[in-house]
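Asker: predicted structure and sequence below. I'll ask about it afterward.
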Amino acid sequence: MKKLVMGIMSASLLTGMVSVLPVAAMETNMAEGHQEAEGTILVDAINFPDPVFRSKVAALLGAMPGQGVNADAFNAVKTMDVSKSGIQSLKGIELFAKLTTLNCDDNQLSALDVSQNTQLKTLSCQSNQLSELNVNNNLELEILNCHNNQIRILNLSNNMCLESVDFWGNYIVDPLYPNSWNRSDVALMFRLYNPGSGEHFYTANKEEKEFLEASGWTGEGAGWMAPKESTVPVYRLYNPNSGDHHYTMSVEEKDALIGFGWNDEGIGWYSDENEQIPLYRQFNPNAATGSHNYTTLQEEHLSLIRMGWNDEGIAWYAKK
């Protein structure tokens, strides 16, 4: 099964500027770039036209802008965080052939080409100005967060390893999900947003999803993959006073909320009894509605806790 998406991505998924890990010698198929000498790549305006990105790359590689750097140093970079930097172009990112994690949130990017970063597993590019995003060549991509952009078409059909996608805040009407998600043993969980109340809602029922969208809710893509059947149900409850929904595996919590006046809406979906992928739950003590967030991303979970949300542990489990 392919896991989830979503969560309130107000916090960056990735922290720290960059990390460099040891790696073997340079692969022969790496993009060559503008070279000073064989095996040396210049950190210059030809390879990196954006001056801010160029300076970030130079700092990462321990070089001065304009200086030549051994190509092995580019291959050693696995993780890069250049978020909140005012970058307008990531031209040159293709030179990092071994990159597996890229966070370029909150910049001024109108286009992003990661087609040569074929080992990329996690891409977060939220809150830019992207009108197109092509990830067709990123066959190892597992997590994609591209919310709050201007994307109209999103084709994920080649991304067979994709476990999480968040694309709310775009103009995407009918995304093409990975073919690997079309399985008889799992249910695709949909996430919707109520712009009036601020509530996020989750359902495995496509008809319910389409009805809510027609009623003014905003579809925010797929949340995660739930088993169609298991011995561990996730119960859904509704608060008629606040209009909020709550989801829990706990029979005790369900019964307590019913005692407080919540409506029992039965089983919403099922948790994976093999406990493959945990969904973490956080509570916002300052929110009247939509006070809970659910995510499979431990980075998001910890980031929200640092921002003042309460850690409520593991809510349930998604299926791979």
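Answerer: That came through fine. Numbering: from 1, shown residues only.
Asker: all the strands of the stretch 101-250 of the chain, in order from the start?
Answerer: In the stretch 101-250 of the chain, strands defined by DSSP state E, counting those that start in this stretch lie at 101-103, 122-124, 143-145, 164-166, 186-193, 200-203, 218-227, 233-238, 245-248, listed in chain order.
Asker: dig out what Asn280 forms beta bridges with.
Answerer: Residue 280: Tyr, not Asn. Thr295, Ile314 (DSSP bridges).
Asker: what separates it from Asn155, distance-wise?
Answerer: 29 Å (CB to CB, to the nearest Å). In this view, the C-beta of every residue, glycine as well, is placed from N, C-alpha and C.
Asker: quick one, grab the pLDDT at Gly313.
Answerer: pLDDT, Gly313: 94.
Asker: pull the contacting residues for it.
Answerer: Tyr280, Arg281 (CB atoms under 8 Å, 6 or more residues apart in numbering).
Asker: check Ile267 too.
Answerer: Ile267 neighbours (CB under 8 Å, 6+ apart): Pro233, Val234, Tyr235, Arg236.
Asker: the first one bridge partners, please.
Answerer: Translated: Pro233. Tyr270.
Asker: quick one: it and Glu273 touch, right?
Answerer: No. Using CB atoms under 8 Å, Pro233 makes no contact with Glu273, being 10.6 Å away.
Asker: what about Gln282, how many neighbours?
Answerer: By other CB atoms under 10 Å, 25 other residues sit near Gln282.
Asker: just the element for it, please.
Answerer: strand 277-283 (DSSP states H and E).
Asker: relative to strand 218-227, how tilted is that strand?
Answerer: 130 degrees (axes from the mean of the first three to the mean of the last three CA atoms, to 10 degrees).
Asker: what angle sits between strand 277-283 and strand 233-238?
Answerer: 30 degrees.
Asker: can you name the residues that contact Cys146?
Answerer: Taking CB under 8 Å, 6+ apart as the test, what Cys146 contacts is Leu123, Ser124, Cys125, Gln126, Leu130, Leu133, Leu154, Val165, Asp166, Phe167, Asn170.
Asker: export the residues you listed to a markdown table and tack on pLDDT and neighbour count?
Answerer: Putting those into a markdown table (pLDDT from 0 to 100; neighbours: other CB atoms under 10 Å) gives the following:
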| residue | pLDDT | neighbour count |
| --- | --- | --- |
| Leu123 | 97 | 24 |
| Ser124 | 96 | 26 |
| Cys125 | 96 | 25 |
| Gln126 | 94 | 24 |
| Leu130 | 96 | 20 |
| Leu133 | 90 | 24 |
| Leu154 | 89 | 23 |
| Val165 | 86 | 29 |
| Asp166 | 84 | 28 |
| Phe167 | 85 | 25 |
| Asn170 | 86 | 21 |
